[in-house]
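quick one, structure for this:
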Amino acid sequence: MTGVILTLNAGSSSIKFAAYTAEAEPALEASGMVDALGADARLILKPEGAPKTTKDLGPTDHVAGVGAILDALSPILDGRTVHGVGHRIVHGGPEIDGPRLLDDPLLGYLDTLKPLAPLHQPHNLAAVRAARAAFPDAVQVGAFDTAFHRGHPKVNDVFALPRRYYDQGVRRYGFHGLSYDFIAGKMARDYPDLARGKLIVAHLGNGASLCGIENGRSISSTMGFSALEGLCMGTRPGQVDPGVLLYLMKEEGMGYDDLTHLLYKESGMLGLSGISHDMRALLASDAPEAAEAIAYYCNRLAREIGAMAAVLGGINALVFTGGVGENAAPIRARALEGLGFLGLDLDPEANAANATVVDAGRVPILVLPTDEESVIARATKALLAE
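Numbering: from 1, shown residues only. As a prediction, this is how the structure comes out:
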């Protein structure tokens, strides 16, 4: 009887999970998530080949959420040994360029990076510690969102600040690396000629970013020192003039906690619309504020696609992924309507159907689902084999 690999992807308000066979190529057995952590959490479980089930959990924090996941997976595990638990870790700092075994010294170092990813890193590490307690004999592996972006040309990683700050770690890290790693691998398998060229991948979800990839290697990302920069997101503003923050500090007396809450929780599509952070709700709304928020989102997306094409020196394919990227046809259409000069033209019918290939011009445009959990599982299996 084969063993099991678990994956945990803990965010600020949810924990995604999956169970895989511990084989050379891990096979998915079940997946799901604990959604809406807090007062009204619920657990969604989808065994492979079986219907999805939903269970209300009531008040649930991250530790209790991991416990609920383990209870739900117990019948699927059926007494089998959990050989490894793979974790999404958002921030690995400037040196970590691949998966790592999560021992005490490394966890101590990752704790020091919490200020760089306050919305994610504390929850990622809480899930690690809960899994270590639940499976003390299992190997714990970290797969890092920043790792895919290590090795950028320095010009794409540095800020125009005094040089000493770069040495202190104030630099552009890039995020969503597990998603980009998956897409780069899928492109290499399914579209090898395109994968050897210049790709722009748009990971659009509640968090959003672009990555410029050449021959499978990350060249630049719209996210920088933190997961706040770049594109407009669900509750994060993306690009903002630093002078605005200085103004808020001086004129409104805002301190670190105030600004953190504003930038991570109150801004982005929620702040612009005053209605919702959820693109589905905004697309369904006839409120002018929703339309304005969508217009801004698409404008920023178009600007960043153009900028990334300049960084790469061209574009051989554009890939949309993530919940918004995969499902929101109107967003793709609005963002690309002025980018025909780059060869980016949509087929309206294919786009409306969320087809895999949606282009009608000289540059291929693809819509590909991402799978961060499979990247974590493969990384965990690889370290188990060492």
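
partners of the helix or strand containing F17 in the sheet?
Using DSSP states H and E, F17 sits within strand 15-21. With DSSP bridges as the test, strand 15-21 is paired with strand 4-10 (antiparallel), strand 28-35 (antiparallel).

neighbours around L383, how many?
As a burial measure, L383 scores 20 neighbours (other C-beta atoms under 10 Å). Quick note: C-beta positions are derived from backbone N, CA and C, even for glycine.

try G38
Counted with other C-beta under 10 Å, G38 comes out at 10.

ok, for L161, nearest residue in space, not its chain neighbours?
V170 (6.5 Å; C-beta to C-beta, 6 or more residues apart in numbering).

please apply the same query to H62.
A126 (4.7 Å).

what about that neighbour, neighbour count?
Counted with other C-beta under 10 Å, A126 comes out at 17.

what's the first helix or strand after the host helix or strand of it?
A126 is located in helix 121-134, with elements delineated by DSSP H and E. Proceeding N to C from helix 121-134, the next assigned helix or strand is strand 139-144, under DSSP H and E.

other residues contacting that next one?
Applying C-beta atoms under 8 Å, 6 or more residues apart in numbering, the external contacts of strand 139-144 come out as 83-92, 96, 98-102, 106, 110, 128, 131-132, 177-178, 375-376, 379-380, 383-384.

again, but for stretch 214-225
Stretch 214-225 is contacted from outside by 116, 148-149, 151-153, 156, 159, 170-177, 180, 184, 187-188, 195-199, 209-213, 229-231, 238, 304, 308, 311-312, using C-beta under 8 Å, 6+ apart.

out of those, which are buried?
116, 148-149, 152, 156, 171-177, 180, 184, 187, 195, 197-199, 209-213, 229-231, 238, 304, 308, 311-312 (16 or more other C-beta atoms under 10 Å).

A184 against I213, yeah?
Yes - with contact defined as C-beta atoms under 8 Å, A184 reaches I213; the gap is 5.7 Å.

quick one: pLDDT of L43?
L43 is assigned 94 on the pLDDT scale.

ah, wrong one, I meant M1
For M1, the predicted pLDDT is 46.

same question, the one 4 residues further on
On the pLDDT scale, I5 is placed at 95.

OK, contacts around it?
19-22, 26, 82-86, 377, 380-381, 384.

surely A64 is within a helix?
Yes - using DSSP: H, G, I helix; E, B strand; the rest coil, the secondary structure at A64 is a helix.

that one: neighbour count?
Neighbours of A64 (other C-beta under 10 Å): 16.

now do the buried residues in stretch 357-368.
Per 16+ other C-beta under 10 Å, stretch 357-368 contains these buried residues: 358-359, 363-368.

right, and Q121 touches G92 too?
No - Q121 is beyond contact range of G92, at 10.0 Å (criterion: C-beta under 8 Å).

now do the contacts for G212.
198-200, 218-221, 308, 311-312.

go again with 10 Å.
152, 156, 180, 198-201, 218-222, 305, 307-313, 315 (C-beta atoms under 10 Å, 6 or more residues apart in numbering).

identify those among these that sit within strands.
198-201, 218-221 (DSSP state E).

hey, where'd the helices end up in the stretch 251-386 of the chain?
256-261, 268-273, 279-284, 288-312, 322-327, 329-336, 348-352, 372-384 (DSSP state H, counting those that start in this stretch).

in CSV, list those helices along with distance to Y247.
Below are these laid out as CSV (distance: least, C-beta to C-beta, whole Å):
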stretch, distance to Y247
helix 256-261, 11
helix 268-273, 16
helix 279-284, 28
helix 288-312, 20
helix 322-327, 30
helix 329-336, 30
helix 348-352, 40
helix 372-384, 37
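
helix/strand/coil for L57?
L57 ends up strand, using three-state DSSP.

return the distance of stretch 198-206 from the chain's centre.
Its chain's average C-alpha position is 10 Å from that of stretch 198-206, according to C-alpha atoms, centre = their mean, to the nearest Å.

same question for stretch 274-290.
Distance, centroid of stretch 274-290 to centroid of chain: 22 Å (C-alpha atoms, centre = their mean).

repeat for stretch 296-309
18 Å.

same thing with stretch 103-114?
21 Å.

other residues contacting that stretch?
Against stretch 103-114 from outside (C-beta under 10 Å, 6+ apart): 89-93, 95-96, 100, 102, 117, 120-122, 124-125, 128-129, 132, 140, 142, 144, 146, 169, 173.

buried only: go through those residues for me.
89-93, 96, 100, 102, 117, 120-122, 124-125, 128, 140, 142, 144, 146, 173.

would TSV of the contacts of I5 with distance to Y296 be doable?
Formatted as TSV, those follow (distance: C-beta to C-beta, whole Å):
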residue	distance to Y296
A19	40
Y20	40
T21	45
A22	46
P26	41
V82	45
H83	47
G84	43
V85	40
G86	37
A377	37
T380	39
K381	42
L384	46
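
counting neighbours, which of the residues you listed comes out on top?
Going by other C-beta under 10 Å, G86 tops the contacts of I5 with 31 neighbours.

so what's P51 up against?
When contacts are taken as C-beta under 10 Å, 6+ apart, P51 is in contact with L45.

how far away is it from A18?
Distance check for P51 against A18: by C-beta to C-beta, to the nearest Å, it reads 17 Å.

where does this structure dip in pLDDT?
1 (pLDDT under 70).

could you point out the longest strand in it?
Looking across the chain with DSSP E, the single longest strand is strand 38-47.
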